[in-house]
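Participant: Sequence isn't available, so here's the structure alone:
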């Protein structure tokens, strides 16, 4: 089947580590279908440009509401892409808003599948700001024929806004097929965090947890993989607590570099306030590393006492205790068992087969018999 994927979220040369779960979904789709991607670059100007990203053709087109020329260009590109496709698959809520005018004007003319990742759809109160006043716009998700959520929690929320019977689960892809290696377990306890330096991930609490661990006598080192607007505040907190040698901000890394960081760690630590899934935690498990996270969010669907510790008390001391507890626990799965368990549910082959079945449910017929 010819599939046009449209997304406002996609990595680029400038930001190679951005939203890695979207291209992983695209790769899963491409196992059975012919995929083209249009990356709608919100609030950008300039010409459209094409490239091949991770083996998939990607056309990047600017889309700036205050620059009408970019809107005309983007909708011309999208209209051409739709005419050459048998199915349109959008990813992330802002993309649904971009496609809504075409759907309302009946210009799509193809089955429309949408996949939702954004925590603002699931928990608007966590995003805050003006979004609380516009959360009603989630009803635009009644337009696609099929809407998928990356967790059961997300699916439950989506059913409040989508067509009856249109919501299905479609999990994120765990992109980690490397061999599992034993954790280092050296003199220094190695911690790794993967996520943006922004409020919902709570990197400041992670830094403070390192300080609490060191006050308790533990020799620990944390590497945080990811960038974001809180970098300055995090750097100030590191300096104020005297942790310059104990916390490393590695910045935005490519997936292979992240996998190497996971392999070099003893524990994955991420004190998120909430999560719509948390691919990073799933990939930590796929690397055979136990997880310590907050107790609220969809990550609790795959985390349990055999592979993690969930922390309800949002204090540095509580997260520090959980780290020491998971390291000393004798009831954890082996690294190999952790990896096998998570890969069996979220491996790329399983996710590819799931979306193929979902596509055929909305676009049956001769055109859906395989790759063109």
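Facilitator: Now that the structure is in, tell me what you want to look at. Quantities reported herein were computed from a predicted structural model and do not represent experimental measurements. Numbers count the residues shown, from 1 in each chain.
Participant: residue ranges with poor pLDDT in this protein?
Facilitator: Low-confidence segments of the chain (pLDDT under 70): 365-372.
Participant: Repeat the analysis, applying 90 as the threshold.
Facilitator: The chain contains residues with pLDDT under 90 at 13-20, 119, 123-133, 175-178, 252-256, 276, 363-372.
Participant: Identify the residues contacting the closest residue to residue 233 other than its chain neighbours.
Facilitator: Sequence neighbours aside, residue 204 is the residue nearest to residue 233 in space, at 6.6 Å (criterion: Cβ to Cβ, 6 or more residues apart in numbering). For the C-beta atoms, the positions are set from N, CA and C on the backbone; glycine is no exception. Counting by Cβ atoms under 8 Å, 6 or more residues apart in numbering, residue 204 touches 230, 233, 234, 237.
Participant: In helices, which of these fall?
Facilitator: Those of those mapping onto helices are 233, 234, 237, per DSSP state H.
Participant: count of neighbours near the first one?
Facilitator: By other Cβ atoms under 10 Å, the residues close to residue 233 number 13.
Participant: and the gap between it and residue 4?
Facilitator: For residue 233, the distance to residue 4 equals 40 Å [Cβ to Cβ, to the nearest Å].
Participant: Next: residue 327.
Facilitator: For residue 327 relative to residue 4 (Cβ to Cβ), the value is 47 Å.
Participant: And the strands in the stretch 251-372 of the chain?
Facilitator: Ranges of strands in the stretch 251-372 of the chain, per DSSP state E, counting those that start in this stretch, are 267-270, 291-294, 308-311.
Participant: Turn the ones you listed into JSON lines, including distance to residue 18 and mean neighbour count.
Facilitator: Below are these laid out as JSON lines (distance: least, Cβ to Cβ, whole Å; neighbours: other Cβ atoms under 10 Å):
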{"stretch": "strand 267-270", "distance to residue 18": "17", "mean neighbour count": "27"}
{"stretch": "strand 291-294", "distance to residue 18": "22", "mean neighbour count": "26"}
{"stretch": "strand 308-311", "distance to residue 18": "26", "mean neighbour count": "22"}
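Participant: and of the ones you listed, who's closest to residue 215?
Facilitator: strand 267-270 (16.4 Å; Cβ to Cβ).
Participant: on that earlier part again, among the strands of the stretch 251-372 of the chain, which comes closest to residue 177?
Facilitator: Nearest of these to residue 177, taken as Cβ to Cβ: strand 267-270 at 18.0 Å.
Participant: what's the distance between that closest one and the middle of its chain?
Facilitator: Relative to its chain's centre, strand 267-270 lies at 16 Å (Cα atoms, centre = their mean, to the nearest Å).
Participant: Partner strands of that strand, with direction?
Facilitator: strand 189-194 (parallel), strand 291-294 (parallel) (DSSP bridges).
Participant: just checking, residue 67 touches residue 43?
Facilitator: No: between residue 67 and residue 43 there is no contact under Cβ atoms under 8 Å: 9.3 Å.
Participant: Those two - which one has more neighbours?
Facilitator: residue 67 (15 against 12).
Participant: Give the full set of residues in contact with the more buried one.
Facilitator: residue 45.
Participant: now it: how far from residue 238?
Facilitator: To residue 238, residue 67 is 40 Å away according to Cβ to Cβ.
Participant: repeat for residue 296
Facilitator: When residue 296 is compared with residue 238 (using Cβ to Cβ), they lie 26 Å apart.
Participant: These two: which is more packed in?
Facilitator: residue 238 (23 against 17).
Participant: about what we covered before: check the contacts of residue 204 for burial and list the buried ones.
Facilitator: Buried by 16 or more other Cβ atoms under 10 Å: 230, 234, 237, out of those.
Participant: Which of those sits closest to residue 33?
Facilitator: Among those, and counting by Cβ to Cβ, the member closest to residue 33 is residue 230, at 38.6 Å.
Participant: ok so, going back, neighbour count: residue 327 and residue 4, which is higher?
Facilitator: More neighbours surround residue 4 than the other of residue 327 and residue 4, with 24 against 18 (other Cβ under 10 Å).
Participant: Quick check: can you name the pairing partners of the helix or strand harbouring that one and their directions?
Facilitator: Using DSSP states H and E, the element containing residue 4 is strand 2-7. Strand 2-7 has the following strand partners under DSSP bridges: strand 34-42 (parallel), strand 87-91 (parallel).
Participant: What ranges does the stretch 101-250 of the chain have for its strands?
Facilitator: Going by DSSP E, counting those that start in this stretch, the stretch 101-250 of the chain shows strands at 112-116, 146-149, 167-169, 189-194, 220-225, 247-251.
Participant: Would you mind finding the most buried of these?
Facilitator: Comparing these by mean neighbour count (mean count of other Cβ atoms under 10 Å), strand 112-116 comes out on top with a mean of 27.
Participant: now that strand and strand 2-7, what's the angle there?
Facilitator: 40 degrees (axes from the mean of the first three to the mean of the last three Cα atoms, to 10 degrees).
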